[in-house]
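> A structural model of the following input is requested.
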Amino acid sequence: QVQLVESGGGLVQPGGSLRLSCAASGTIFDIATMGWYRQAPGKQRELVASVLGSGGTNYADSVKGRVTISRDNAKNMVYLQMNSLNPEDTAVYYCNVVARTKLFGGYSNYWGKGTLVTVSS
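Residues are numbered from 1 along each chain as shown. Coordinates of the predicted model:
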């Protein structure tokens, strides 16, 4: 199995920045995609950003230009640098990876427990 642990959430003022980190551990053969999702109160979970092993990235329109996702393949970590935060960014942020645990195994989705980001003055 794969375990994900997020860190870096907290309270930040509008216009501020936060950096989220996620560490993947366990029986990992390889990780295809690493990403961040978020869920605001009363809303569905949505993709924030994702990054492939090749480095290709995908961002939600609402965060383009303000958010940068990166990964460290050697450490099985993914980061989310968020700038110019606004109250609409308030949500629980979840780390997600698509990984396999053995060479001839299939890929599965794994989720962290989430870290709360609150943007408020």
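> From here on, just use CA atoms for contacts and neighbour counts.
Fine.
> Identify the residues contacting the nearest residue to residue 100 once chain neighbours are set aside.
Spatial nearest neighbour of residue 100, excluding adjacent residues (C-alpha to C-alpha, 6 or more residues apart in numbering): residue 107 at 4.5 Å. Residue 107 sits next to 98, 99, 100, 101 when contact means C-alpha atoms under 8 Å, 6 or more residues apart in numbering.
> for the most centrally placed residue in the chain, phi and psi?
Centroid-nearest residue in the chain, with C-alpha atoms, centre = their mean: residue 36, separated by 2.4 Å. Backbone torsions for residue 36, taken as degrees, to the nearest 10, come to phi -130, psi 130.
> Three-state assignment for the residue nearest to it when sequence neighbours are not counted, please.
Leaving aside its sequence neighbours, residue 36 sits nearest to residue 95 (C-alpha to C-alpha, 6+ apart; 4.7 Å). Secondary structure state of residue 95, per DSSP: H, G, I helix; E, B strand; the rest coil, is strand.
> Residue 95 and residue 111 touch, don't they?
Yes - the criterion here is C-alpha atoms under 8 Å, and residue 95 meets it with residue 111 at 5.8 Å.
> Looking at the two, which one has more neighbours?
Neighbours per residue, other C-alpha atoms under 10 Å: of residue 95 and residue 111, the larger number sits with residue 95, 28 against 19.
> Let me see the contact set for that one.
Here residue 95 is in contact with 4, 5, 6, 22, 34, 35, 36, 37, 111, 112, 113, 114 (criterion: C-alpha under 8 Å, 6+ apart).
> try 7 Å this time
6, 22, 35, 36, 37, 111, 112, 114 (C-alpha atoms under 7 Å, 6 or more residues apart in numbering).
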